[in-house]
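# pasting the sequence and the predicted model now:
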Amino acid sequence: MNLVEELKINRNLPDEELLHLINTDAYDDALMKAADEVRRSVYNDEVFLRGLIEFTNYCKNNCRYCGIRGGNGNAERYRLTKEEILDCCKEGHKLGFRTFVLQGGEDLFYSDEEICDIVRGIKELFPEVAVTLSIGEKTKDTYRKYKEAGADRYLLRHETATEEHYGFLHPEGMSLENRKRCLYDLKDLGFQVGAGFMVGSPGQKPEYILADLRFLQELKPDMIGIGPFIPHKDTEFKDEPAGNLELTLRLLSVLRLMFPYVLLPATTALGTIVPNGRELGLKHGANVVMPNLSPVRFREQYSLYDNKICTGEEAAECRRCLEVRVKNAGYRIVDARGDVINH
Ligand code: 5AD
Ligand code: FES
């Protein structure tokens with residue numbers, strides 16, 4: 001049995017073999033084929049939509065890779081009001097979106113009560129939709145309030161599961177330990193949880209990717225977000241190379257084989273490094289796309305990395321564009337909440 005077959009059947013491989021898969025392009029075609037078989041056996045040809053609302057680019061943190069880190073004096077800051085957020089949801093709902101992802105920097109301007117009020121507002125308007133939060137590290141009590149307000153899911157990439165690398169990518173005061181604590185608290189509270197990491201982040205080594213895969217096996221998240229690192233002009237990493245396309249696709253396939261049920265987005269970052277990146281992501285095992293529902297006038301300002309796509313398009317244009325892209329890749333967008341399948 002070859003490595004790909006073995007991974008497909010056992011959903012696992014010993015360290016050395018997994019590392020070999022990460023490091024070679026020899027299995028890429030076989031991986032893609034196996035990943036597509038598995039995704040079809042679990043989710044058919046369905047692709048789920050997530051309407052992304054980037055509601056604040058204020059951030060108290062200073063992650064070294066990120067364009068909206070608090071220390072970036074060149075970033076023009078903005079915040080959306082509850083009404084503006086609800087307007088995005090109304091437009092998205094008309095377009096068939098049944099999941100809204102509220103993403104932002106770690107912005108202390110919004111109290112727990114305000115976030116809860118926004119979540120309740122969305123649920124009152126549209127009781128059948130899923131609300132996902134992606135607003136960083138909080139206490140378990142705060143997460144509990146979000147849950148009680150009706151939030152269903154939470155995205156918090158672990159970024160890297162290796163202490164040394166975590167310390168290199170983040171300033172003092174942030175820790176892998178707290179990041180993991182958050183993820184386990186969220187799981188414990190009953191959120192559908194998403195973790196993930198950047199591919200090709202500065203200092204990343206194959207061994208670190210292996211550690212990321214091992215951490216994900218331990219956490220068993222419902223969603224896994226990976227995309228290439230892309231340098232941002234106002235960060236110390238501005239001259240670092242972007243993450244590699246082939247490696248990102250290979251890892252998407254590996255993840256699909258290790259986690260057959262997982263909700264795996266073809267990310268905006270992947271669509272930014274090559275024009276057909278998201279289509280390629282879908283073909284390699286991804287089953288989610290996350291078009292932007294933020295008001296167009298603010299989109300350029302939510303600049304995590306340079307040259308981000310879709311900053312000039314209206315939500316309806318992105319929906320149409322993705323319809324075509326998903327179809328050309330051989331799949332079909334469905335207007336459903338797209339909850340994880342039991343695992
Ligand atoms: N390139 C690619 N992805 C990035 N993110 C932040 N900055 C960058 C960058 N320069 C990712 C992080 C974060 C997610 C919201 O965006 O992984 O968790
Ligand atoms: Fe936004 Fe294609 S998805 S224009």
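Right, received. Where do you want to start? Please read these numbers as outputs of a predicted model, since none were measured by experiment. Ligands and ions are numbered 1, 2, ... in the order given.
# Leu18 touches Leu216, doesn't it?
No. Leu18 is beyond contact range of Leu216, at 11.9 Å (criterion: CB atoms under 8 Å). Where C-beta positions appear, they are placed from N, C-alpha and C, glycine not excepted.
# not counting sequence-adjacent ones, nearest residue to Thr267?
Leaving aside its sequence neighbours, Thr267 sits nearest to Gly227 (CB to CB, 6 or more residues apart in numbering; 3.5 Å).
# repeat that for Thr272.
Closest residue to Thr272 apart from its sequence neighbours, by CB to CB, 6+ apart: Ile309 at 5.1 Å.
# do the same with Cys66
In this structure, Cys66 finds its nearest non-sequential neighbour in Leu304, 5.5 Å apart by CB to CB, 6+ apart.
# repeat for Leu255
Distance criterion CB to CB, 6+ apart; nearest residue to Leu255, sequence neighbours excluded, is Ile224 at 5.6 Å.
# related to what we said a few turns ago, any idea which element the residue nearest to Cys66 lies in?
Using DSSP states H and E, Leu304 falls within no helix or strand.
# cool, and Leu133?
Assigned by DSSP H and E, Leu133 falls within strand 130-134.
# can you name the residues in contact with the next helix or strand after that strand?
Beyond strand 130-134 on the C-terminal side, the first helix or strand identified by DSSP H and E is helix 140-149. Residues outside helix 140-149 that contact it (CB atoms under 8 Å, 6 or more residues apart in numbering): 112-113, 115-117, 119-120, 123, 133, 138, 154, 182, 185-186, 188-191.
# again, 7 Å this time
Identification of contacts with helix 140-149 by CB atoms under 7 Å, 6 or more residues apart in numbering yields Asp112, Ile115, Cys116, Val119, Arg120, Leu133, Asp185, Leu186, Leu189, Gly190, Phe191.
# so what's the residue count around the fifth one?
Spelled out, it's Arg120. A count of nearby residues for Arg120, using other CB atoms under 10 Å, gives 16.
# ignoring the adjacent residues along the chain, who's closest to it?
With CB to CB, 6+ apart, the residue lying closest to Arg120 is Ala149, at 5.2 Å.
# if we can go back for a sec, any idea how far Gly227 is from the residue nearest to Cys66?
Leu304 sits 10 Å away from Gly227, taking CB to CB, to the nearest Å as the criterion.
# can you count the residues close to Glu246?
Glu246, neighbours per other CB under 10 Å, totals 11.
# which non-adjacent residue is nearest it?
Asp25 (6.2 Å).
# partner strands of the strand holding Leu133 and their direction?
Strand 130-134 has the following sheet partners, assigned by DSSP bridges: strand 99-104 (parallel), strand 153-155 (parallel).
# re the thing from before, can you pull the contacts of the residue nearest to Leu255?
Gly194, Ala195, Gly196, Leu216, Leu255, Phe259, Val262, Leu264.
# SS state for the nearest residue to Pro291 once chain neighbours are set aside?
Distances taken as CB to CB, 6+ apart place Cys318 nearest to Pro291, at 4.0 Å, with adjacent residues excluded. For Cys318, the assignment made with DSSP: H, G, I helix; E, B strand; the rest coil gives helix.
# burial measure for Cys318, as a count.
Cys318 has 21 nearby residues by other CB under 10 Å.
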